[in-house]
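A.B. asks: missing the sequence, but the structure's below:
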Ligand SMILES: [Zn+2]
């Protein structure tokens, strides 16, 4: 049996970096066999599960299996999967609270918990393990935080044919067109971080794309240089952007074969299933990081629930 008290300390050290607690430094002295004994049990409040408590005689601290569980201290952990399913199916946070008969604050907390967890998993690239990518498509889609005067750009990369979402980044960008002048007057200068985050995404995917792979995008002049820099051996094809087929659905293109279908279809799926990305919606993004959480949640649902052949096998 492992000393989970020590493990917890190590985890928190990894999370908070150099801000180590004094107790951790002290506990490093005990870097030998920990002597662990049972000291009773308790029934977990929310589901009455029996949890064994242990005492480490070396550290003189007690703990249980629950100590390192990601859901520790959650009173409504049984709602996690329902909240997840609702939030990736176009249901708003307020309506999710009403449907599940809980306080809206509970949904907010669950959204943040699930979102942070999913985003961390995506950034650790657990979804790319054992993945051999032969063809990739990428493009930007636009949304905004708080007001149309503060647009955000989502760079999305998908695997061709399977439509598996490989990664995404959210970047701020200045308002364009008619709104540009108003936006500057109201909110001042807005940074354009699109190039920076596009490069971050490419760096993340660089080692997972096979050397003979093909990369496709539209004819945005800014893409070429970055693609050349991060994907030297891969073939790069660009296609002219086309008009959307349905009013308001800019992602689905009209007329015949679409070479960027995998990407455009995935972008349309995001628009259809993440309520803050709907066209003409009341639900809008207030913070860019929460948009990232929401897309990360959806990526998991999309990659491992919606797509065929990517569901984890039962064995
Ligand atoms: Zn110990």
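C.D. replies: Alright, I've got the coordinates. None of the values given here were measured: they were computed from a predicted structure.
A.B. asks: Kindly check the end-to-end length of stretch 55-63 for me.
C.D. replies: 6 Å (C-alpha to C-alpha, to the nearest Å).
A.B. asks: Show the average pLDDT along it.
C.D. replies: Stretch 55-63 comes out with an average pLDDT of 88.
A.B. asks: Stretch 35-52 too?
C.D. replies: Mean predicted lDDT for stretch 35-52 stands at 89.
A.B. asks: If we go by neighbour counts, what in that stretch is buried?
C.D. replies: For stretch 35-52, burial by neighbour count (16 or more other C-beta atoms under 10 Å) applies to 36, 44. From N, CA and C alone the C-beta is placed, and that goes for glycine too.
A.B. asks: Quick one: end-to-end distance for that stretch.
C.D. replies: 16 Å.
A.B. asks: What about contact with the ion: does stretch 42-56 have any residue there?
C.D. replies: Yes - using C-beta under 5 Å from the ion, stretch 42-56 comes into contact with the ion via residue 56.
A.B. asks: Specify the next element, helix or strand, located C-terminal of the stretch of helix or strand residue 120 belongs to.
C.D. replies: Residue 120 belongs to helix 104-123 when assigned by DSSP states H and E. Going down the chain from helix 104-123, the next helix or strand is strand 133-144, by DSSP H and E.
A.B. asks: Residue 292 contacts residue 118, doesn't it?
C.D. replies: No - if you go by C-beta atoms under 8 Å, residue 292 and residue 118 don't touch, sitting 9.6 Å apart.
A.B. asks: Beyond the lowest-mean-pLDDT helix or strand in the chain, next helix or strand please.
C.D. replies: Least confident helix or strand of the chain, by mean pLDDT, DSSP states H and E, is helix 22-27 with a mean of 46. Sequence-wise, the next helix or strand downstream of helix 22-27 (DSSP H and E) is strand 36-43.
A.B. asks: For that following strand, report the contacting residues that lie outside it.
C.D. replies: 1, 3, 49-57, 62, 64 (C-beta atoms under 8 Å, 6 or more residues apart in numbering).
A.B. asks: As JSON lines, these with secondary structure would be great.
C.D. replies: Output for these, formatted as JSON lines (DSSP: H, G, I helix; E, B strand; the rest coil):
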{"residue": "1", "secondary structure": "coil"}
{"residue": "3", "secondary structure": "coil"}
{"residue": "49", "secondary structure": "coil"}
{"residue": "50", "secondary structure": "strand"}
{"residue": "51", "secondary structure": "strand"}
{"residue": "52", "secondary structure": "strand"}
{"residue": "53", "secondary structure": "strand"}
{"residue": "54", "secondary structure": "strand"}
{"residue": "55", "secondary structure": "strand"}
{"residue": "56", "secondary structure": "strand"}
{"residue": "57", "secondary structure": "coil"}
{"residue": "62", "secondary structure": "strand"}
{"residue": "64", "secondary structure": "strand"}
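A.B. asks: Could you work out the most separated pair of those residues?
C.D. replies: Using C-beta to C-beta, the two most remote members of the contacts of strand 36-43 are 49 and 57, lying 26.0 Å apart.
A.B. asks: Could you pull out the buried residues of stretch 178-190?
C.D. replies: 179, 183, 190.
A.B. asks: what separates it from the chain centre, distance-wise?
C.D. replies: 29 Å (C-alpha atoms, centre = their mean, to the nearest Å).
A.B. asks: ok, now stretch 117-133?
C.D. replies: The answer for stretch 117-133 is 10 Å, by C-alpha atoms, centre = their mean.
A.B. asks: Next: stretch 212-222.
C.D. replies: So, by C-alpha atoms, centre = their mean, the centroid of stretch 212-222 is 23 Å from its chain's centroid.
A.B. asks: pLDDT on that stretch, on average?
C.D. replies: pLDDT averaged over stretch 212-222 gives 93.
A.B. asks: list the buried ones in it?
C.D. replies: 213-218.
A.B. asks: where in the stretch 151-300 of the chain is pLDDT low?
C.D. replies: 243-250, 254-255 (pLDDT under 70).
A.B. asks: Quick check: chain neighbours aside, which residue is closest to the residue of the chain positioned farthest from its centre?
C.D. replies: Most distant residue from the mean C-alpha position of the chain: residue 57, 40.3 Å away (C-alpha atoms, centre = their mean). If the residues on either side of it in the chain are set aside, residue 57 comes closest to residue 35, at 4.0 Å by C-beta to C-beta, 6 or more residues apart in numbering.
A.B. asks: Assess the claim that that neighbour and residue 55 are in contact.
C.D. replies: No - here residue 35 does not reach residue 55: they are 9.0 Å apart, not a contact under C-beta under 8 Å.
A.B. asks: Run through the helices of this protein in chain order.
C.D. replies: For the chain, the helices defined by DSSP state H cover 4-16, 22-27, 80-87, 93-100, 104-123, 179-187, 194-205, 223-230, 261-273, 288-301.
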